[in-house]
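Novice: Here's a sequence, model it:
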Amino acid sequence: MHAPDASPLSAEAPPPLPRVGAWRILLGLIQGLLLYVLFHATTGKTWPATQPLVFAPLVLTASFVPPLLISGFGHLDRRRLVLWGVCAALLLAALGDYDIWRSADLPLPGEPGNVHRELFPSGRLCLFAAAGFFIAHTLVLAAVRDGRRIAAYATYFDTAWQLGVQLAFSALFTGIAWLMLALGAALFNLVHLPFLGKLLQESWFAIPVTTFAFACALHLTDVRPAIVRGIRGLLLVLLSWLLPVTVLLIGGFLATLPFTGLAPLWDTRHAASVLLSAAATFVLLINAAWQQGEDERAVAGVVRVAARGAALLVAPLVLIAIYGLFLRVRDYGWSPDRIDAAACMLVAACYAAGYFRAGLRPGWLPLLARVNIGTTFVTLGVLLALFSPLLDPARVSVASQVARLAAGQVKPDAFDFDFLLFRSERFGRAALDRLERMPLPDADNVRRRVAAVRRKAHRWEEKEEESGPLDLAANLHVHPEGARLPATFVRTDWTNNKQEVNMYPSCLYVPDQDCDVVLLDVTGDGKPEVLVFDRTAHPVSYLGVALQEDAQGRWSALARVTAPDPVCPKVGTALAAGKVGTTPPVLADLLVGGVRAQLERVRPEPCAQAAR
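Specialist: Model prediction:
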């Protein structure tokens, strides 16, 4: 497989590299080998997987740089290709190191002495790195094609859409290739030859095959540009005819707002994301109709009118979203999600302002080319800021929330200390250290809550302080009246037995939980056991637990207490009054080879019958 003499993207291509197809496939195999080595290092816990600050940049570089080089072969000369690959690798290494540094070597909550060892870059970084490098690669290819730093808009348009279609079809081709391999493995399994199925499960085979297939697909789509352009043209036409319908829907929505007001939007708590999605849809469909803006007459009149209307409607959508974000930040301060939303709104505001001006001018939206090019560079700048110390959402949101606490805008009881420990990386942990030393209003309460959150093993663990210290006597309502619990029972720490703690009602270890307790001899040894019945609702037939004391004064679970119909009104009333006794079993136990077996009714007694 060889590339044609002329570049598919350019009428004046750079000097062609020899055997472009062979180089692209070789790069795909090298990428597969690198990714396999990194995968093997994680499974074997060997270098570089023992050094997160080395491993994460290598993962990012091995994942993104080879596809950039594969796509650049045949379109960039050797010097520019190497320079672009080196710049991309250095930028990815810096982003990966910072991403790991934010979370690496942090003490694990509730586990003194252990630290968090994150190896892989975050999914958020990988996703936005893919988007950012798609944009950057398009800019590089278009600039080289036109021979200037800022290319013509038509070149950007052609390059971006062709590259996007190439990537989509390359991913589709890779998926189909794997389906064919799976089909072959299934066929061989029919004749008891499982070698191919086992081979597909081997990482040393599966990873290089995937990158090889992707590299082949990139090359094939690159040397057949006419097919790619045909698919692109059909897709753009179809998208452009969605524009009139979308204008009617979104325009109708905006027309209802003067009558409904904005309050229903804020009640949803996700109005800003929906509004931004609508604005992004408009931008996509407007560009699908406008394309390169060369021939207005080639576009249907209804589509041209809809495109102008959509260009004007982007602005109110973005303004309402910005106003909603302003209200949330004013009331609750910055959070990582709100910072991400603000970044998106900055990009959206550039589109909105430019498209609104274009919609007011005569002609076929004449400003769109400059707006699209300028906003592309703004988008790259915003992405770099979000994933660097400049605008790190965790750092900025921690500073905002701590400042609100210090200023008394939020009380310690309402402050989210869990956010600082579990969702703001090392910046939140450092903030917890500062809060323990700061002379804040209600400083004692702040320090108590900081200490409490540090003891939590995960963010979903129940908070201990909210109900005050445990008062076991206040939780337990003992029956019959006047009965006293054994001293050894009251002194027992029910959280010590990790294997049985889930069997115990929560009133034994959580403050402000009510249980009914009955002292009753259920074993016939003349010594009463303690039956604890939780007053909260329980699933199925569970009512409580019977606890027994051993010769050393230790208490443990003896049996679960169940009932055929625990929702019977009489059952709940009797438990609350402590009216619990023993009775011989209706069905006798079986003795099978000296082992006791119990009979369980297939159809439990109905409530009415059991209440007699």
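Novice: quick one: furthest residue from the center of the chain?
Specialist: Farthest-out residue of the chain from its mean C-alpha position, per Cα atoms, centre = their mean: G526, at 58.0 Å.
Novice: On the three-state scheme, it is what?
Specialist: coil (DSSP: H, G, I helix; E, B strand; the rest coil).
Novice: so what pLDDT did it get?
Specialist: If you check G526, the pLDDT there is 83.
Novice: Please apply the same query to R102.
Specialist: On the pLDDT scale, R102 gets 89.
Novice: Equivalent analysis for R454, please.
Specialist: 83.
Novice: quick revisit: separation between the residue farthest from the centre of the chain and A557?
Specialist: 21 Å (Cβ to Cβ, to the nearest Å). Yep, even glycine has a C-beta here, placed from its N, CA and C like the rest.
Novice: Report whether the expected contact of L275 with I320 is present.
Specialist: Yes: applying Cβ atoms under 8 Å as the test, L275 and I320 come out as touching, 5.7 Å apart.
Novice: Now D516, what are its backbone angles?
Specialist: phi -100, psi 130 (degrees, to the nearest 10).
Novice: Hmm, V530 and it touching each other?
Specialist: No: contact criterion Cβ under 8 Å: D516 and V530 do not qualify, at 11.3 Å.
Novice: quick one, which of these two is more surrounded?
Specialist: A direct count of neighbours by other Cβ atoms under 10 Å for D516 and V530 places D516 higher, at 24 against 20.
Novice: now this protein, which segments are flagged as low pLDDT?
Specialist: Within the chain, the ranges that satisfy pLDDT under 70 run 1-18, 104-117, 457-470, 495-502, 536-542, 564-570, 572, 576, 602-612.
Novice: From V545, how far off is the residue farthest from the centre of the chain?
Specialist: From G526 to V545 the distance is 21 Å (Cβ to Cβ).
Novice: Backbone dihedrals for L590, please?
Specialist: With angles defined as degrees, to the nearest 10, L590 sits at phi -100, psi 150.
Novice: whoops, I mixed them up, E294
Specialist: Per degrees, to the nearest 10, the backbone of E294 is at phi -90, psi -50.
Novice: Can you report how many residues lie near the closest residue to it other than its chain neighbours?
Specialist: For E294, ignoring the flanking residues on the chain, the nearest one in space by Cβ to Cβ, 6 or more residues apart in numbering is A154 at 7.4 Å. Burial measure for A154: 15 neighbouring residues, criterion other Cβ under 10 Å.
Novice: Looks to me like A154 is in a strand.
Specialist: No: if the criterion is three-state DSSP, then A154 is helix and not within a strand.
Novice: how far away is it from P441?
Specialist: Distance from A154 to P441, by Cβ to Cβ: 61 Å.
Novice: Next: L558.
Specialist: Taking Cβ to Cβ, one finds L558 at 50 Å from P441.
Novice: Who has more neighbours out of the two?
Specialist: The residue with more neighbours, out of L558 and P441, is L558; 16 against 12, by other Cβ under 10 Å.
Novice: G578 contacts H479, doesn't it?
Specialist: Yes: using Cβ under 8 Å, G578 makes contact with H479 at a distance of 2.2 Å.
Novice: what is in contact with those two at once?
Specialist: 516, 518 (Cβ atoms under 8 Å, 6 or more residues apart in numbering).
Novice: Surely F212 and I30 touch.
Specialist: No: contact criterion Cβ under 8 Å: F212 and I30 do not qualify, at 10.2 Å.
Novice: With neighbour numbers in mind, choose between those two.
Specialist: F212 (19 against 16).
Novice: State the phi and psi torsions of that one.
Specialist: phi -60, psi -50.
Novice: same check, this time on A49
Specialist: Given degrees, to the nearest 10, the pair of backbone angles that A49 has is phi -70, psi -10.
Novice: mind checking how far the closest residue in space to it that isn't next to it in sequence is from Q31?
Specialist: Distance criterion Cβ to Cβ, 6+ apart; nearest residue to A49, sequence neighbours excluded, is A41 at 3.9 Å. Taking Cβ to Cβ as the measure, A41 falls 16 Å from Q31.
Novice: out of those two, which sits in the more crowded spot?
Specialist: Ranked by neighbour count (other Cβ under 10 Å), A41 and Q31 place Q31 first, with 25 against 18.
Novice: can I assume the more buried one sits in a helix?
Specialist: Yes: judged by three-state DSSP, Q31 forms part of a helix.
Novice: so how far is the helix or strand encompassing R448 from its chain's centroid?
Specialist: According to DSSP states H and E, R448 maps onto helix 443-454. Put simply, helix 443-454 sits 29 Å off its chain's centre (Cα atoms, centre = their mean, to the nearest Å).
Novice: what packs against that helix?
Specialist: Under the contact criterion of 3 or more Cβ pairs under 8 Å, 6 or more residues apart in numbering; DSSP states H and E, helix 443-454 touches helix 417-422, helix 425-437.
Novice: Which SSE is immediately downstream of it?
Specialist: Immediately after helix 443-454, counting by DSSP H and E, sits helix 472-475.
Novice: so how far is that following helix off the chain centroid?
Specialist: 41 Å.
Novice: Now that helix: buried residues?
Specialist: 472, 475 (16 or more other Cβ atoms under 10 Å).
Novice: now do stretch 294-313
Specialist: 299, 303-304, 306-313.
Novice: swap in stretch 522-530?
Specialist: 522, 528-530.
Novice: Which of the residues you listed fall within strands?
Specialist: 529-530 (DSSP state E).
Novice: Please report the distance of L183 from G175.
Specialist: 13 Å.
Novice: and what of R455?
Specialist: From R455 to G175 the distance is 47 Å (Cβ to Cβ).
Novice: Ok, A414 next?
Specialist: From A414 to G175 the distance is 49 Å (Cβ to Cβ).
Novice: For T210, what is the enclosing helix or strand?
Specialist: helix 203-222.
Novice: just how off-centre is that helix within its chain?
Specialist: Taking Cα atoms, centre = their mean, one finds the center of helix 203-222 at 28 Å from the center of the full chain.
Novice: Cool, thanks, talk later.
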